[in-house]
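K.L.:
below is the structure, and that's it, no one-letter string:
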């Protein structure tokens with residue numbers, strides 16, 4: 001099964017997957033009120049409770065610029081695919097390597113437009 005087929009499994013789900021647990025968000029935003037835009041950085045502390053190649057988050061109308069997952073052993077993983085599904089308002093991060101169980105920090109740089 002290819003990655004796109006795997007991403008499909010997360011669509012139309014009432015809840016996020018349970019193989020990773022998001023624990024804490026440190027969010028930094030920069031607003032540009034004259035252009036009605038924003039940019040930001042979030043560091044998300046999470047626990048991988050089952051080995052996985054996916055991390056799924058709620059997200060809506062964002063442009064994702066950079067993603068990095070750092071585990072407790074300070075190993076760094078960059079996703080091979082970043083898929084934003086506007087209908088379900090989810091962001092699916094696909095990693096080539098399996099993320100093993102344990103704690104880590106997911107860092108995401110993003111931007112978007114301010115909506116009314």
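P.N.:
Everything's here; your move. Keep in mind that what you see is a predicted model, and the values were worked out from it rather than measured. Numbering: from 1, shown residues only.

K.L.:
strands of the protein, start to end?
P.N.:
If DSSP state E is used as the criterion, the strands of the chain fall at 20-32, 37-48, 52-58, 63-71, 76-77, 81-85, 90-99, 102-113.

K.L.:
redo these as JSON lines? Include mean pLDDT and mean neighbour count.
P.N.:
For the C-beta atoms, the positions are set from N, CA and C on the backbone; glycine is no exception. Converted to JSON lines, these look like this (pLDDT from 0 to 100; neighbours: other CB atoms under 10 Å):
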{"stretch": "strand 20-32", "mean pLDDT": "94", "mean neighbour count": "12"}
{"stretch": "strand 37-48", "mean pLDDT": "97", "mean neighbour count": "16"}
{"stretch": "strand 52-58", "mean pLDDT": "91", "mean neighbour count": "20"}
{"stretch": "strand 63-71", "mean pLDDT": "98", "mean neighbour count": "15"}
{"stretch": "strand 76-77", "mean pLDDT": "98", "mean neighbour count": "15"}
{"stretch": "strand 81-85", "mean pLDDT": "91", "mean neighbour count": "17"}
{"stretch": "strand 90-99", "mean pLDDT": "93", "mean neighbour count": "18"}
{"stretch": "strand 102-113", "mean pLDDT": "97", "mean neighbour count": "16"}
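
K.L.:
what does stretch 57-75 rub up against?
P.N.:
By CB atoms under 8 Å, 6 or more residues apart in numbering, the residues outside stretch 57-75 that reach it are 16, 22, 44, 48, 55, 76-79, 82, 84, 86, 89-91, 93, 95, 99-100, 102-113, 115.

K.L.:
chain center to that stretch: distance?
P.N.:
Distance of stretch 57-75 from the chain centroid (CA atoms, centre = their mean, to the nearest Å) equals 5 Å.

K.L.:
show the end-to-end separation of that stretch, please.
P.N.:
21 Å (CA to CA, to the nearest Å).
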